Structures are given as C-alpha cells and as structure tokens.
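Chemist: sharing a sequence plus its predicted fold:
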Amino acid sequence: VSTQSTGGLIRISMAKMTNPAEVSSIVQGLRVSFSTGKTKTKAWRKTQLFQLKKLIKAGEPLLTSALEKDLNKHAVDSYLSEFQIIEHEIELALSHLDSWLEDEYVTTDLANLPALSFIRKEPYGVVLVMAPWNYPVHLLIVPLIGAIAAGNAVLLRPSEYSAATSQALCHLVNEYLDSSIQIVTGGKELNIALFKEKFDYMFFTGGTVLGKLVAAAGAASLTPYTLELGGKSPAIVDSSADLKIAVKRLIWASLMNSGQTCLRPDYVFIHEDIAAKFYQHAKAVIRSLYGDDIKNSKEYGRMISEDATERLSRVIEADRKFLIFGGNYDKSSKYVEPSLFSYDNISEFSRSSAMSSENFGPILPCVQYSNLNDVISFINARHKPLAIYCFASSNAVLDKIIDETSSGAFTGNDASMQICNSNLPFGGVGLSGMGRYHGKHSFDAFTNAKAVMKKTTFFDLPMRYPPYTQTMSMLGRLLLTPRSKFISGPLWFLHYLLTSAAGFFSLGWKYSRSFPLSSGQIMVLLLLLAAWFYKGQNSPPQLH
C-alpha cells in the first residue's frame with residue numbers, strides 16, 4: 001500500500017501479526033506508563049488529539065487506498081463515512097476539553113454542611129478498544145478520541161478481516177501517537193490473550209457472539225465495558241410519507257457500504273396504500289445510484305469475504321420466490337447485488353430466511369401493513385433494535401412510534417444520519433448494545449465520575465451520636481427532611497436560611513469573621529431555632 005504523506009511516498013509491507021504471548025508485556029507497559037501520571041495531564045491529552053488530527057490528515061490517502069482494497073470503498077464514501085466524522089469528533093473534543101475536565105460542583109445536603117461537594121472526572125486507567133472491519137477507521141478512532149480526552153492509556157485492536165486497513169492503522173498509530181497508545185493485530189488467539197488481561201475498561205464494537213465474550217471477560221474480572229453491537233433495525237413507511245424522499249434516503253442507507261452497516265434499515269414495513277409506488281421508486285433509486293451495471297459501478301462496494309458472500313447467497317436462494325429486484329451474486333469477486341424482497345403476508349415475512357438474523361448486506365426484506373399497531377407489536381415482540389426509522393408526514397405517527405417502542409435511537413424521515421450528530425448519544429439496548437458514546441458521551445464513557453466531599457472540622461453535628469435526646473431527635477428529623485417537603489410549607493425560608501448559612505461558612509468567605517459569634521456557635525443557634533420552630537409546626541415521632 002502506498003500513498004503521498006507529508007510530502008513523501010510511504011510504502012507499507014504487510015506487518016506480522018502480534019504474538020499473543022506479547023500481550024501481557026504490552027499491557028504491563030501501558031500500566032507503567034499510566035502510573036507516571038502523564039496521560040492525566042491536560043497538555044498530554046491535547047497534544048495527542050492534535051497528533052491524531054495530523055494522523056488522519058496525513059494518512060487519509062493511505063487509509064483510503066486500504067479501504068478500497070478491503071471493501072472496494074469509493075474515496076468519497078470513505079471520507080463521508082470514516083474521516084469526516086473523526087475530524088468533527090476531534091475538533092469537538094479539543095474545543096470543549098477544558099470544560100469537560102472541570103470539577104462539577106453539586107449541592108451539599110443539610111446534614112453534611114458545612115462541606116463542599118463536587119464530581120471529579122478521572123480516567124479509568126488502561127483501556128481496551130476493539131473495532132470491527134466494516135468501518136475500520138471510524139469505529140477504532142472515534143472511541144480512541146474519547147479515551148484520550150479522558151486521560152487513559154489505550155490498547156487498540158483493529159479487525160484482522162480488514163487486513164490492509166489494520167496494517168495502515170498500525171503504521172500511522174506508531175508514527176504519530178505516544179507510546180501510551182499501543183496497537184495490536186491478530187485473530188482469535190489474540191482475542192483470547194486479550195481477554196485474559198485485566199483492563200480498567202473495555203470498549204467493543206462488533207457482533208453479538210464476540211460481544212458476549214467481551215461481557216464474559218468483563219464479568220470475570222469485574223471490568224466495566226461498552227458494547228456497540230447491532231441487530232435488525234426496522235423502517236416504517238407510512239401512507240403520509242413523502243415517498244420519493246423516503247425511498248431515496250431509505251435505499252441509500254440500506255445499501256451504504258454494501259449493507260455492511262450495523263444501524264442500516266434491515267427490514268421495512270410499507271403501508272399497503274403506497275406499496276406499489278414504493279417498489280417502483282425503490283427500483284428506480286437503485287439504478288440511479290449505481291447504474292444498470294451495478295457490478296461494475298465504482299460507487300458500489302464488496303462483501304468483506306467470500307464467507308460473507310456465501311452466507312448472503314444462501315438467504316437469496318432460500319427466499320428467491322419473493323425476490324422483486326436483484327438476486328445476483330459472484331462469490332469469487334465477493335459481489336452481492338442489491339436485492340429487494342416482497343412477502344405476501346406477515347407470516348411468510350417473519351418465517352423467511354431474510355428475517356432469521358441480521359442481514360448485514362444489501363438485502364432488504366419488505367412487507368405491507370394496514371394497522372400501525374400490528375407493526376408496533378411485531379417490533380416489540382423482538383429484541384430491542386439499535387435504531388427504528390419511520391417515514392411519515394404525520395407527527396402523530398412519529399410520536400406513536402417513539403412512545404410505544406424502545407430502541408437505541410429513533411430517526412424520523414431519514415435513516416442512519418443520527419450518527420452524524422455528536423450531541424446525540426450513540427448506542428443500543430440489550431442485544432443491540434449497552435453504553436453510549438460520541439461527543440461528550442465518549443469522554444463520559446471512558447471517565448470515572450468520582451464523588452468528592454470536603455468537610456471542615458470546626459463544627460460537628462451532635463445529633464448523629466448517641467445518646468439520642470428528644471431535641472436531637474427533632475433536629476435529626478429536620479436535617480433529613482427532603483427539601484421538596486419545604487417548598488409549600490412555612491419552613492421553606494428557615495431551611496433556605498440554614499442551607500445558605502452553612503454553605504456560607506463552608507466556603508470560608510472572609511466576611512464570616514465579622515460576626516460577633518463564631519461560625520460554630522451560629523450553626524448551633526440556627527439548628528436550635530429550627531428544632532423549636534419545627535416542633536411547633538409538625539412534632540415528629542420519637543426515634544427508636
């Protein structure tokens with residue numbers, strides 16, 4: 001693989017896979033690096049994010065070439081689905097890192113005043129990021145951005161199936177990033193070695209089978225993890241939809257990367273009133289996107305492997321009688337034609353081969369419906385999907401789907417585009433995944449939110465210690481009464497006064513010394529006054 005980078009020609013030979021026996025020493029080296037504290041500094045985090053920005057800019061030609069070799073991805077497709085999202089995420093992290101790292105101050109409850117309470121954002125430590133082959137750059141680097149911003153040492157594991165891209169990433173990571181960020185390549189043996197190690201956090205994107213192994217490894221060592229999986233995401237085309245726009249967006253999303261996308265629309269419900277027009281538009285859109293000779297289209301990709309092609313060919317043959325478009329494939333060139341299926345009824349649809357598992361390819365099974373409640377029941381009877389898409393001009397229809405279904409995401413009148421909004425968390429529910437990332441959510445995913453309380457010693461509430469007297473009992477009741485209880489009652493002002501006074505002293509404002517009484521004496525007087533006033537309003541029962 002070769003490309004122009006930083007003014008010179010880079011040639012990369014296929015590097016050898018990482019020896020699984022070396023994993024322990026690599027992880028130990030990362031732990032030593034993290035223990036020095038350098039990854040926790042703001043300077044290190046910003047420097048590595050800038051270096052990552054350079055890596056993407058200089059390495060884009062190399063990575064584009066590798067993506068074409070692995071997946072036959074067009075250069076524009078590679079930029080839109082891989083590099084553009086990464087660039088945006090890096091800029092977002094650099095722009096907001098200072099504010100993300102600030103301590104988050106929270107209110108201290110009355111029983112703990114005077115004290116200062118806040119949340120400290122600290123890194124987990126040594127984290128593992130495992131990426132799949134379908135978007136091998138995007139799905140490795142975007143989690144890495146969050147891990148770096150949070151201050152972790154990172155071990156990256158790209159997929160062995162996208163071999164050319166993985167080797168390009170290895171070269172670029174080693175050239176541009178600090179030694180606290182390591183990358184390893186390999187197959188099943190490497191995964192076994194990785195799962196034997198104790199990480200402080202694991203982030204996995206991929207299939208359910210390997211995801212369960214990650215979860216099992218996490219459970220064995222009590223290591224927290226994020227799982228970004230997939231599943232069968234449904235699309236609904238209502239009779240009120242703008243059909244031309246709906247079909248164009250839906251078909252584009254379902255065929256992007258030749259259908260090898262975790263959040264693609266995997267099957268479609270079409271209202272019976274518009275079904276004929278839907279199929280007509282769908283066939284026309286496919287031809288407009290890729291031409292009449294789809295196999296030779298530069299914009300249309302390939303399956304990742306012959307095994308993937310073989311799997312999809314079996315689905316096509318099993319459901320061929322329902323085929324209305326496409327159905328051709330060539331195992332030797334890993335080509336599968338965009339294929340539409342229309343099933344006669346919901347029974348045949350649900351029993352079809354195309355509905356037996358996630359298709360993860362350019363296969364789109366469709367069925368008609370008349371009652372939206374039946375569609376909702378069908379979706380809710382299955383595993384919660386990564387996303388649900390609904391095309392409708394009626395807000396009532398959109399809101400009904402939002403309110404009566406559960407999924408990782410919902411997008412109205414488009415498909416897959418929610419991934420571009422870094423302000424939205426990305427992730428699944430149940431078998432479609434757990435945990436969220438993108439934007440600040442990536443920073444949060446790799447961050448331990450440590451609860452911190454700093455208390456003074458100049459005042460110690462006496463009612464917490466035995467022996468318990470009636471006065472102390474009333475004071476204890478007052479202190480433990482939820483603040484909402486005071487909102488409409490006569491004690492609201494007194495509760496506010498106590499909280500403000502205690503907070504005033506806990507912050508140590510210079511004006512506190514102008515009082516004739518010490519802060520401790522004032523606190524005692526305020527608490528006694530509260531007890532007396534509270535007793536007159538609502539005498540509490542005795543504590544036993």
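Modeler: Structure's in. What do you need?

Chemist: Y135 looks like it's in a helix, true?
Modeler: No. According to DSSP: H, G, I helix; E, B strand; the rest coil, Y135 belongs to no helix; its state is coil.

Chemist: ok, now which ones touch it?
Modeler: S81, E82, N257, T261 (CB atoms under 8 Å, 6 or more residues apart in numbering). Bear in mind the C-beta positions are built from the backbone N, C-alpha and C, glycine included.

Chemist: distance of it relative to R264?
Modeler: Noted for Y135: a distance of 12 Å to R264, by CB to CB, to the nearest Å.

Chemist: swap in K248?
Modeler: To R264, K248 is 15 Å away according to CB to CB.

Chemist: how about stretch 321-331, which residues are buried there?
Modeler: By 16 or more other CB atoms under 10 Å, the buried positions in stretch 321-331 come out as F322, F325, G326, G327, Y329.

Chemist: so A449: helix, strand or coil?
Modeler: strand.

Chemist: mind checking the SS state of the closest residue to it other than its chain neighbours?
Modeler: Excluding the flanking residues, the one nearest A449 by CB to CB, 6 or more residues apart in numbering is I119, at 5.1 Å. Put simply, I119 is strand when judged by three-state DSSP.

Chemist: who has more neighbours out of K248 and R264?
Modeler: Ranked by neighbour count (other CB atoms under 10 Å), K248 and R264 place R264 first, with 29 against 17.

Chemist: relative to S339, how far out is that one?
Modeler: Taken as CB to CB, the span from R264 to S339 is 14 Å.

Chemist: how long is stretch 265-280 from one end to the other?
Modeler: Distance between the two ends of stretch 265-280: 19 Å, counting by CA to CA, to the nearest Å.

Chemist: before we move on, what about stretch 282-299?
Modeler: Separation of the first and last residues of stretch 282-299 by CA to CA is 18 Å.

Chemist: one more: stretch 431-444?
Modeler: End to end - CA to CA - stretch 431-444 spans 22 Å.

Chemist: so which bits of it are buried?
Modeler: 431-444.

Chemist: now do it, average pLDDT.
Modeler: For stretch 431-444, the mean per-residue pLDDT is 97.

Chemist: pull the most distant pair out of the contacts of Y135.
Modeler: Comparing every pair within those by CB to CB identifies E82 and T261 as the most remote, at 12.2 Å.

Chemist: so which of the buried residues of stretch 431-444 belong to strands?
Modeler: Cross-referencing the buried residues of stretch 431-444 against strands under DSSP state E gives G433, M434.

Chemist: now the buried residues of stretch 431-444 in CSV, with distance to K244?
Modeler: CSV is the format used below for the buried residues of stretch 431-444 (distance: CB to CB, whole Å):
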residue, distance to K244
L431, 34
S432, 30
G433, 33
M434, 37
G435, 37
R436, 34
Y437, 34
H438, 30
G439, 32
K440, 37
H441, 34
S442, 36
F443, 40
D444, 40
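
Chemist: for the stretch 51-200 of the chain, what spans make up the strands?
Modeler: Remark: strands assigned in the stretch 51-200 of the chain by DSSP state E, counting those that start in this stretch are 104-106, 115-123, 126-130, 153-157, 181-183.

Chemist: can these go into JSON lines with extra columns for mean pLDDT and distance to A21?
Modeler: Below are these laid out as JSON lines (pLDDT from 0 to 100; distance: least, CB to CB, whole Å):
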{"stretch": "strand 104-106", "mean pLDDT": "93", "distance to A21": "43"}
{"stretch": "strand 115-123", "mean pLDDT": "94", "distance to A21": "28"}
{"stretch": "strand 126-130", "mean pLDDT": "98", "distance to A21": "18"}
{"stretch": "strand 153-157", "mean pLDDT": "98", "distance to A21": "15"}
{"stretch": "strand 181-183", "mean pLDDT": "98", "distance to A21": "15"}
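
Chemist: of those, which approaches H281 most closely?
Modeler: strand 126-130 (39.3 Å).

Chemist: which neighbours in the sheet does the closest one have, and how are they oriented?
Modeler: Using DSSP bridges, the strands paired with strand 126-130 are strand 153-157 (parallel), strand 201-205 (parallel).

Chemist: send the alpha carbons of stretch 395-412 over as PDB?
Modeler: Only the C-alpha atoms of stretch 395-412 are listed here, as PDB (Å, rounded to 0.1, in the frame of the first residue of the first chain):
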ATOM      1  CA  ASN A 395     -46.300  13.900  13.800                       C
ATOM      2  CA  ALA A 396     -48.900  11.700  15.400                       C
ATOM      3  CA  VAL A 397     -47.500   8.600  13.700                       C
ATOM      4  CA  LEU A 398     -43.900   9.600  14.500                       C
ATOM      5  CA  ASP A 399     -44.700  10.200  18.200                       C
ATOM      6  CA  LYS A 400     -46.600   7.000  18.400                       C
ATOM      7  CA  ILE A 401     -43.600   5.000  17.300                       C
ATOM      8  CA  ILE A 402     -41.300   7.000  19.700                       C
ATOM      9  CA  ASP A 403     -43.700   6.500  22.700                       C
ATOM     10  CA  GLU A 404     -44.600   2.900  22.100                       C
ATOM     11  CA  THR A 405     -41.300   1.300  21.200                       C
ATOM     12  CA  SER A 406     -37.800   1.000  22.700                       C
ATOM     13  CA  SER A 407     -34.600   1.300  20.800                       C
ATOM     14  CA  GLY A 408     -31.100   2.800  20.900                       C
ATOM     15  CA  ALA A 409     -32.200   5.600  18.600                       C
ATOM     16  CA  PHE A 410     -35.200   6.800  16.600                       C
ATOM     17  CA  THR A 411     -35.000   8.900  13.400                       C
ATOM     18  CA  GLY A 412     -38.000  10.300  11.700                       C
END
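
Chemist: please, which helix or strand holds D403?
Modeler: helix 395-404 (DSSP states H and E).

Chemist: tell me how many other residues crowd C390.
Modeler: Count around C390 with other CB under 10 Å applied: 28.

Chemist: please name every helix or strand in contact with the helix or strand hosting it.
Modeler: Assigned by DSSP H and E, C390 falls within strand 388-391. Counting contacts by 3 or more CB pairs under 8 Å, 6 or more residues apart in numbering; DSSP states H and E, strand 388-391 packs against strand 233-237, helix 243-255, helix 395-404, strand 410-412.
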